[in-house]
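Participant: dropping a prediction and its sequence here:
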Amino acid sequence: MADIEVIKSDTLTEVSEETYNGVSCIRLSFEKSGPRYMDLQLNNSRQKYELAQNLVGEIVKVFAWDPDNEPGKWSSRSWFTDIVPVTIVKGSCTVCGIADDLLTYSDDFGKSWTHYRCKFPV
Ligand SMILES: [Zn+2]
């Protein structure tokens, strides 16, 4: 899996639930970018929903991920895996200790951060 930055910097305007591609999803709406969706059946989607609601009105970055052998599979179809405020200081990964641009997972609304791939190893 590869984390892909799909929105570099945009204002999150609304978080709602909506049916997309026949499944119940979180829908993120943005000032400039098109909407992004997450399947509500995903394990951590409820946490993401709460996290996103806390970020309405903030400038955010949005990530998706694609399988290594299928670049663009999910990222090109308006799906997302993570949303983070652009202004936050993230420190280093709670699992591997490395600080880089791929810290996209937080259990605690942005107080500490983990790489998506460290949190959910393949
Ligand atoms: Zn890590």
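Facilitator: Noted; the coordinates are in hand. Numbering: from 1, shown residues only.
Participant: now do residue 65, the pLDDT please.
Facilitator: pLDDT, residue 65: 89.
Participant: does it sit in a helix, a strand or a coil?
Facilitator: strand (DSSP: H, G, I helix; E, B strand; the rest coil).
Participant: repeat that for the one 3 residues further on.
Facilitator: In three-state terms, and counting by three-state DSSP, residue 68 is coil.
Participant: count of neighbours near residue 22?
Facilitator: 6 (other Cβ atoms under 10 Å). C-beta here means a position set from N, CA and C on the backbone, and glycine is covered the same way.
Participant: could you do residue 118 as well?
Facilitator: Look at residue 118: counted by other Cβ under 10 Å, it has 17 neighbours.
Participant: ok, it touching residue 95?
Facilitator: Yes - contact criterion Cβ atoms under 8 Å: residue 118 and residue 95 qualify, at 3.7 Å.
Participant: show me what the longest helix seen in the chain is packed up against.
Facilitator: For the chain, the longest helix by residue count, based on DSSP state H, is helix 45-54. When contacts are defined as 3 or more Cβ pairs under 8 Å, 6 or more residues apart in numbering; DSSP states H and E, helix 45-54 sits against strand 2-20, strand 23-30, strand 36-39, strand 82-85.
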